[in-house]
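[1] Here you go, sequence then predicted model.
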Amino acid sequence: MDRVVIVMPTFNEAENIGFMIEELLGKEFPKINADMHLLVVDANSPDGTAKIVEGKMKRYKNLHLLSKKKEGLGADYVAGFKYAVEKLSADAVVEMDADGQHPPSNVSRMVDAYLAGADYVIGSRYVPGGSVPREWAFSRKAISYLGNLFIRLVWLKFWLHDVTTGFRLTRVKGVLDKIDLDNLMAKERFAYKVDLLYQSVKNAKVIKEVPLEFKPRLKEKSKFNPKEMVVTFKVAIILGIRDKQRFIKFGTVGFMGYLVNAFSLKLMTTLGVPGILAWSIPVELAIISNFTLNNIWTFKKEKIIGARRIVYKFFQFNLTSMGALVIQTVSGNIADAVFGVGARQIVLPFIILFLVLPYNYFMYNAVIWKTWKLPWFKSK
Ligand SMILES: Nc1nc2c(ncn2[C@@H]2O[C@H](COP(=O)(O)OP(=O)(O)O)[C@@H](O)[C@H]2O)c(=O)[nH]1
Ligand SMILES: [Mg+2]
């Protein structure tokens, strides 16, 4: 049976932890078809949180305690993950707050998604069935939603609905064990979550969002603060840019394609080839150059191999490039009419930059090499 360890950090949760333990180990775990464990990572809380856990450990053998000095939520989670993997042989770990904001009743569907094959399960407030506390002021709801939307935009990961949630399940093999836990970008409360999520999403093959009915704190109010929010955005932007390497390579290949395109267009003009052909032959040459270079460089990790597959994908590449061909031929002939044939070399870069490039980047990622898991392009 798969062993799932819930890692629950606590700092002064004496008022809540007893209730959480009873709800999880007493009520929820017996209903779940996995070997469920709870690991409390207590940051030497002065209020005696650890004492309460120790008391309950006599009754529940699946309850564990790791007491450590307080290093911040991110670092303490990392210590908990390592303990769960090394000492408890976890197959999957769950991040969960002790303050009741992540309801114990939401755990089972998360584990079910994992048992059904997900590598990474996100407890999401922004999918049907998920929610934020009704008593939150409108401004708080707006900040949460817009902050989340901002990060999704920066990352171009629209298919994820909640990237700032703290309620998640991670498969150890292939996902958590590929992450350099000692070098997360920030160990602060919110920012670490974003870094961890980003890397997990990258490693995971199957990602599932399950609804999270996010609750207000059981006791005491939240320590939400704007400074952490700024750090979080900073981390998100750095992660987003770091990942733009692919886009830079794509741009370089595109530029080479442009050179092929431009030189052959020049040749067409010199030879006096008629309009339709003069604009379309150069595109096909650029297509061949683009497919080859992108396949061996930009999308090297997703490289298409095997003669049959290459032929099929090259055919598909040409089909999607028909869009570019149509775009360039139509806009090129319009430009001929407006600016005259003499302006062709000036017109071409504009056509490429503003029309062909965005179209191509989308098609390559979504259709050809399938690096974007867009819900409307699921089939292989
Ligand atoms: N071990 C540990 N737990 C912490 C630390 N800071 C917060 N926690 C716990 O982490 C969980 C989330 O913290 P909370 O203050 O509710 O954050 P929020 O829900 O994001 O506002 C709670 O269970 C806290 O008790 C810390 O530095 N170390
Ligand atoms: Mg909380």
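    Thanks, I have it. Ligands and ions are numbered 1, 2, ... in the order given.

[2] so is Lys266 in a helix, a strand, or just coil?
    Of the three states, Lys266 takes helix according to DSSP: H, G, I helix; E, B strand; the rest coil.

[3] which element is the closest residue to it other than its chain neighbours on?
    Distance criterion CB to CB, 6 or more residues apart in numbering; nearest residue to Lys266, sequence neighbours excluded, is Gln345 at 7.4 Å. For every residue, glycine as well, the C-beta is placed using N, CA and C. Assigned by DSSP states H and E, Gln345 belongs to helix 344-351.

[4] got the buried residues for that helix?
    For helix 344-351, burial by neighbour count (16 or more other CB atoms under 10 Å) applies to Arg344, Val347, Leu348, Ile351.

[5] close enough to count as contact, Val172 and Lys82?
    No - counting by CB atoms under 8 Å, Val172 stays clear of Lys82, with 10.9 Å between them.

[6] and the two? which has more neighbours close in?
    A side-by-side neighbour count of Val172 and Lys82, using other CB atoms under 10 Å, places Val172 first with 20 against 16.

[7] distance of the more buried one from ligand 2?
    Relative to ligand 2, Val172 is positioned 25 Å away (CB to the ion, to the nearest Å).

[8] ok, now Met256?
    Per CB to the ion, Met256 is found 51 Å from ligand 2.

[9] again with Leu149
    For Leu149, the distance to ligand 2 - CB to the ion - is 21 Å.

[10] For the stretch 101-250 of the chain, which residue gets nearest to ligand 2?
    Gln101 (4.3 Å; CB to the ion).

[11] what are the ranges of the helices in this protein?
    Counting by DSSP state H, the chain has these helices, from start to end: 14-21, 49-57, 73-86, 107-115, 138-155, 191-203, 226-242, 245-271, 275-293, 307-339, 344-351, 357-363.

[12] worst average pLDDT in those helices?
    Note on those: helix 226-242 shows the lowest mean pLDDT, a mean of 83.

[13] Mind giving me the packing neighbours of that one?
    Packing contacts for helix 226-242, counted by 3 or more CB pairs under 8 Å, 6 or more residues apart in numbering; DSSP states H and E, involve helix 138-155, helix 191-203.

[14] Any chance you could list what contacts that helix?
    For helix 226-242, the external contacting residues (CB atoms under 8 Å, 6 or more residues apart in numbering) are 143, 147, 150-151, 154-156, 164, 185-186, 188-191, 193-195, 198.

[15] how far does that helix sit from the chain's center?
    How far helix 226-242 lies from its chain's middle: 14 Å, per CA atoms, centre = their mean, to the nearest Å.

[16] Can you give me the buried ones in that helix?
    Glu228, Met229, Val231, Thr232, Phe233, Val235, Ala236, Leu239, Gly240.

[17] for stretch 310-329, same thing?
    For stretch 310-329, using 16+ other CB under 10 Å, the buried residues are Ile310, Lys313, Phe314, Phe317, Thr320, Ser321, Ala324, Leu325, Ile327, Gln328, Thr329.

[18] Could you do stretch 359-372 as well?
    For stretch 359-372, the neighbour count (16+ other CB under 10 Å) marks Asn360, Tyr361, Met363, Tyr364, Asn365, Ala366, Val367, Ile368, Trp369, Lys370, Trp372 as buried.

[19] so how far is Pro103 from the residue nearest to Pro133 when sequence neighbours are not counted?
    What sits nearest to Pro133 in space, not counting adjacent residues and going by CB to CB, 6+ apart, is Pro216, at 4.3 Å. Separation of Pro216 from Pro103 (CB to CB, to the nearest Å): 11 Å.

[20] Which one of the two is surrounded by more residues?
    Neighbour count, other CB under 10 Å: between Pro216 and Pro103, Pro103 has more, with 17 against 14.

[21] Ile207 contacts Gly117, doesn't it?
    No - shown here, Ile207 and Gly117 do not form a contact pair, counting by CB under 8 Å, at 10.8 Å.

[22] just to revisit the earlier point, so who does the residue nearest to Lys266 touch?
    Ala262, Leu265, Lys266.

[23] So which residues on the stretch 51-200 of the chain come close to ligand 1?
    Neighbours of ligand 1 within the stretch 51-200 of the chain, by CB under 6 Å from any ligand atom: Lys70, Gly72, Leu73, Asp76, Asp97, Ala98, Asp99, Gln101, Gly166, Arg189.
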